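>>> Dropping a prediction and its sequence here:
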Amino acid sequence: MKTDPSNPSRREFLATTTKAGLTVGLLGTAFSDLLAQPHQQVVGTGFTQTPLPYAYTGLEPHIDARTMEIHYSKHAAAYASNLRDAAKEEGVDTTQPLEQVLGSISKYSAKMRNNGGGHYNHELFWSILGTASEAGPEGALLKSLKTSFGSYEAFVGQFETAAKTRFGSGWAWLLVDASGKLVVSSTPNQDNPLMDIAEVKGTPILGLDVWEHAYYLHYQNRRPDYVTAFWKVVNWKAVADRFAAATT
Ligand code: MN
């Protein structure tokens, strides 16, 4: 693979960044520079939309282009815009990672909770999707899935149940909890496991949007079919990057 020295990979970035340096970077003005780097969303999420790493047609036929276009350019764009409004109204520093706000979301308004969650969740969602592939998890992530759930298939079953049984609008998650264990959960609306109000807290590494706007044009009422198709377009390399960042 060609390496552009002005555009280091996350691995190179982490290799040359101490934990102390990373913390300074995340909390200081250097965070905006960090956001310009590839895979920035692994270590911190900004307050604006990052470009989709694939075309609207890139997830066909499992997630159709029309759904992707409306979902990214209308729904997710509105969360990002409303989040910036809320940040302005509530005096939130938008050069800090959004994760910092989500961790103490109970101190903010419902507008911040809904749109901060909405923006974070979609940024994560776009990043863990990719062109249809038969590839599954491997390495340390696969090992941890087996340790935490018994088998990869058992994990898939739990995650699908969480996604299919979430009543109304919400998300299904695979997250790393405080003890480093992988756990499946689901949240209502645009809540997520980073929020201090979440029933199951931790760092999400995989999420599935089960709002009707995410699937209704193509699947109508057949949410289970959408949930099954989701596995075809998971970018397991991106999930593994998030797993590594959450466990090191
Ligand atoms: Mn959505």
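Sure thing, it's come through.

>>> hey, let's count contacts and neighbours off CA atoms from now on
Fine.

>>> So, low pLDDT: which residues of the protein?
Residues of the chain that meet the criterion pLDDT under 70 lie in 1-42.

>>> could you show me where the helices are in it, in order?
Applying DSSP state H to the chain gives helices spanning 10-15, 19-27, 30-35, 40-43, 65-70, 77-89, 98-102, 110-127, 139-149, 152-165, 216-219, 223-230, 236-247.

>>> Show residues contacting the fifth one.
Read it as helix 65-70. 56-59, 213-215, 217-218 (Cα atoms under 8 Å, 6 or more residues apart in numbering).

>>> residue contacts, T131?
Counting by Cα under 8 Å, 6+ apart, T131 has contacts 54, 58-60, 233, 235.

>>> Also A162?
Counting by Cα under 8 Å, 6+ apart, A162 touches 172, 184-186.

>>> circling back: possible to save the contacts of helix 65-70 as TSV with neighbour count and distance to T67?
TSV is the format used below for the contacts of helix 65-70 (neighbours: other Cα atoms under 10 Å; distance: Cα to Cα, whole Å):
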residue	neighbour count	distance to T67
Y56	18	8
T57	16	10
G58	19	12
L59	21	10
H213	15	8
A214	21	7
Y215	23	7
L217	13	6
H218	16	8
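
>>> Name the nearest of the residues you listed relative to K143.
Nearest to K143 among the contacts of helix 65-70 is L59, at 27.2 Å by Cα to Cα.

>>> if I pick that closest one, what's in contact with it?
With contacts defined as Cα under 8 Å, 6+ apart, the neighbours of L59 are 65, 129-132, 233.

>>> Show me the residues you listed that map onto strands.
Using DSSP state E, the subset of these located in strands is empty.

>>> Of those, which is the most crowded?
With neighbours set by other Cα atoms under 10 Å, the maximum within these is found at L129, which has 26 neighbours.

>>> so that residue makes contact with V239?
No: the criterion here is Cα atoms under 8 Å, and L129 misses it with V239 at 9.1 Å.

>>> Most widely separated two among the contacts of T131?
Greatest spacing in the contacts of T131, by Cα to Cα: E60 and N235 (14.2 Å).

>>> the more surrounded of the two?
Between E60 and N235, counting by other Cα under 10 Å, N235 is the more crowded of the two (21 against 15).

>>> Now do the contacts for the more buried one.
Contact partners of N235, counting by Cα under 8 Å, 6+ apart, are 127-131.

>>> Repeat the analysis, applying 7 Å as the threshold.
Residues counted as contacts of N235 (Cα atoms under 7 Å, 6 or more residues apart in numbering) are 128-130.

>>> From Y226, how far off is it?
16 Å (Cα to Cα, to the nearest Å).

>>> before we move on, back to that, S73: which of the contacts of N235 is nearest?
L129 (16.5 Å).

>>> Is it correct that the closest one is in contact with F230?
No: using Cα atoms under 7 Å, L129 is not in contact with F230, being 8.6 Å away.

>>> follow-up on the earlier one: show me the contacts of helix 65-70 that map onto strands.
Among those, no member falls in strands (DSSP E).

>>> Would you mind giving those residues as CSV with distance to I197 added?
Formatted as CSV, those follow (distance: Cα to Cα, whole Å):
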residue, distance to I197
Y56, 34
T57, 36
G58, 35
L59, 33
H213, 25
A214, 24
Y215, 27
L217, 32
H218, 33
